[in-house]
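Engineer: need coordinates for the below:
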Amino acid sequence: MTEPRSTNADLFEAARRVIPGGVNSPVRAFGSVDGTPYFVARAEGPYVFDVEGRRYLDFVQSYGAIILGHAHPAVTEAITAAAADGTSYGAPTEREIQLASLIAAAAPGVEQVRLVNSGTEAAMTAVRLARGYTGRQRIVKFAGCYHGHTDALLAAGGSGVATLGLSGSAGVPPSAVADTVVVPYNEVPELDDQVAAVIVEPVAANMGLVPPVPSFLAGLRQACTEAGALLIFDEVITGFRLGPGGAAERYGVTPDISCFGKVIGGGLPIGALGAGSEIMETLAPNGPVYQAGTLSGNPLATAAGLAVLEQLTPAAYAELESRAGQFANGLRDVLTRSGFDAAVVQVGTLVGLYCGPAAEPGWAPVDYDDARTTDEQAYARLHAELLKRGVAFAPGAYEAIFVSLAHSPDIIDEALVQIAAAASTRSG
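Structural biologist: You can find the predicted model right below:
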């Protein structure tokens, strides 16, 4: 006799008994969209399938970690082959050199790379490295930019911090943020000789999608150079998604330190930071700035990352940007025709959505205050209607929308039909 299939509700109830909130990352709890999370059983190409057998056309794509589509054969084959040789050694491997070399060859200003285990760890280490290299303490960050959950950088963070309506986090003592200065995005701050570094998402993708205004990034570069501070680009989302050189290449601005994650691990846990050799030599074992990790450079993650990067040719990036454009333009059109007030923003391969009346045609937010004008309740209603029609957006209004290379033009058209139906339902 076939055992009854678990439901999403059953699993969520069971999860809440043994996992805080039932999830291992807060936004997954669906609290801001007033729903029950779907529990994924498997994924393939542009789709995820939940435990109840429902198929969703997935625009979450593991929040940007997936770029080729789920379970791409090149990636799964690389992981399988690597796992057969062992899953972790606590010793160096050749693939670490290969992945670091690919990152250094592609990313402006990067000569050496340290592999870590997450984007949070990359940003945390970058800040420590900047402080150690400059001998200064103060860090400048921008409201709405999210750099992981390290204490010093949670202040006025985007992503799940914004989704949950938090100003920061309990458990972070005042001393941890005493040397963190928060300023508005897209404004170049005045810096003095106490500032160790300015850290920024060069394209802010954790408060929806906020593009840099002309001269912002170049202005940061100049201000940091004049003050003797380091410029850190958090390219955990934009790195190897906007192109091989990320936002630094796209906007022609070279940071002192770059942070990476998501795409470079092919869906497995990874992070990295890179800079010129002089700065990176400050890291242990060569220098006094300590960083270590049992699973850093994990052989499965490096195998997956190499498999992905080998697929990302110039033609692949051109195709991905074209499909993101097809989706963004189509989304804008169907929402307008459905009478659903919203603004759609595109930066290269990234797409953002803001619900509510736009200030004017072509409107895009310029900072966190603008981004927070999005109508979260309207987004929640749209999200629920989309799920009914087999389309999955992120369960939070401040996340970017991710199109993968598995989202063919026909699949995008299919999604737009369902989005039009969902938007029409909620606008009535």
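Engineer: wait, is residue 48 part of a strand?
Structural biologist: Yes: checked against DSSP: H, G, I helix; E, B strand; the rest coil, residue 48 lies within a strand.
Engineer: distance of it relative to residue 61?
Structural biologist: Separation of residue 48 from residue 61 (C-beta to C-beta, to the nearest Å): 9 Å. All C-beta atoms are positioned from the backbone trio N, CA, C, and that covers glycine.
Engineer: between the two, which has more neighbouring residues?
Structural biologist: It is residue 61, of residue 48 and residue 61, that has more neighbours when counted by other C-beta atoms under 10 Å, with 26 against 21.
Engineer: give me the number of residues near the closest residue in space to that one that isn't next to it in sequence?
Structural biologist: Among residues not flanking residue 61 along the chain, residue 402 sits closest, at 4.0 Å (C-beta to C-beta, 6 or more residues apart in numbering). By other C-beta under 10 Å, 26 other residues sit near residue 402.
Engineer: can you pull out the helices in the stretch 151-300 of the chain?
Structural biologist: Per DSSP state H, counting those that start in this stretch, the stretch 151-300 of the chain carries helices over the ranges 160-163, 174-177, 216-227, 246-251, 277-280, 299-311.
Engineer: residue 118 is nearest to which of those helices?
Structural biologist: helix 299-311 (10.6 Å; C-beta to C-beta).
Engineer: CA atoms of that closest one as PDB?
Structural biologist: As requested, the backbone C-alpha atoms of helix 299-311 are provided in PDB (Å, rounded to 0.1, in the frame of the first residue of the first chain):
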ATOM      1  CA  PRO A 299      36.000  19.900  -3.400                       C
ATOM      2  CA  LEU A 300      32.300  19.500  -4.300                       C
ATOM      3  CA  ALA A 301      31.700  23.300  -4.300                       C
ATOM      4  CA  THR A 302      34.800  23.900  -6.500                       C
ATOM      5  CA  ALA A 303      33.800  21.200  -8.900                       C
ATOM      6  CA  ALA A 304      30.300  22.700  -9.300                       C
ATOM      7  CA  GLY A 305      31.600  26.200  -9.600                       C
ATOM      8  CA  LEU A 306      34.100  25.300 -12.300                       C
ATOM      9  CA  ALA A 307      31.400  23.400 -14.200                       C
ATOM     10  CA  VAL A 308      29.200  26.500 -14.200                       C
ATOM     11  CA  LEU A 309      31.800  29.000 -15.100                       C
ATOM     12  CA  GLU A 310      32.900  26.900 -18.100                       C
ATOM     13  CA  GLN A 311      29.400  27.200 -19.500                       C
END
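Engineer: got the contact list for that helix?
Structural biologist: With C-beta atoms under 8 Å, 6 or more residues apart in numbering as the test, helix 299-311 has contacts from 67-68, 72, 74-75, 77-79, 81-83, 85-89, 93, 95-96, 98-99, 102, 115, 240, 263-270, 405.
Engineer: what about stretch 170-181, how long is it end to end?
Structural biologist: With C-alpha to C-alpha, to the nearest Å as the measure, stretch 170-181 spans 18 Å from end to end.
Engineer: what's in contact with that stretch?
Structural biologist: Applying C-beta under 8 Å, 6+ apart, the set of residues contacting stretch 170-181 from outside is 137-141, 151-155, 168, 189, 195.
Engineer: list buried residues within these.
Structural biologist: 138-141, 151-155, 168, 189, 195 (16 or more other C-beta atoms under 10 Å).
Engineer: pLDDT below threshold where in the stretch 101-250 of the chain?
Structural biologist: The model of the stretch 101-250 of the chain has pLDDT under 70 over residues 155-168.
Engineer: how much space between residue 78 and residue 121?
Structural biologist: The gap separating residue 78 from residue 121 is 23 Å, by C-beta to C-beta.
Engineer: can you map out the strands along the chain?
Structural biologist: Applying DSSP state E to the chain gives strands spanning 40-44, 47-50, 55-58, 112-116, 138-142, 180-183, 195-200, 230-234, 257-261, 271-275, 342-347, 350-355, 391-392, 401-402.
Engineer: can you list the strands that the second one pairs with?
Structural biologist: What that stands for is strand 47-50. According to DSSP bridges, strand 47-50 forms sheet pairs with strand 40-44 (antiparallel), strand 55-58 (antiparallel).
Engineer: make TSV out of the ones you listed and add distance to residue 362, mean neighbour count and mean pLDDT.
Structural biologist: Listed next are the strands paired with strand 47-50 as TSV, based on distance: least, C-beta to C-beta, whole Å; neighbours: other C-beta atoms under 10 Å; pLDDT from 0 to 100:
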stretch	distance to residue 362	mean neighbour count	mean pLDDT
strand 40-44	35	15	98
strand 55-58	27	21	98
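Engineer: mind putting those strands into TSV with distance to residue 385?
Structural biologist: Output for the strands paired with strand 47-50, formatted as TSV (distance: least, C-beta to C-beta, whole Å):
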stretch	distance to residue 385
strand 40-44	20
strand 55-58	13
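Engineer: most residues in a single helix of the chain, which one?
Structural biologist: The helix spanning the most residues in the chain, taking DSSP state H as the definition, is helix 314-337.
Engineer: what's that helix packed up against?
Structural biologist: strand 342-347, strand 350-355, helix 409-427 (3 or more C-beta pairs under 8 Å, 6 or more residues apart in numbering; DSSP states H and E).
Engineer: quick one, the last one and strand 342-347 angle?
Structural biologist: Put plainly, it is helix 409-427. Orientation of helix 409-427 against strand 342-347 (axes from the mean of the first three to the mean of the last three C-alpha atoms, to 10 degrees) gives an angle of 150 degrees.
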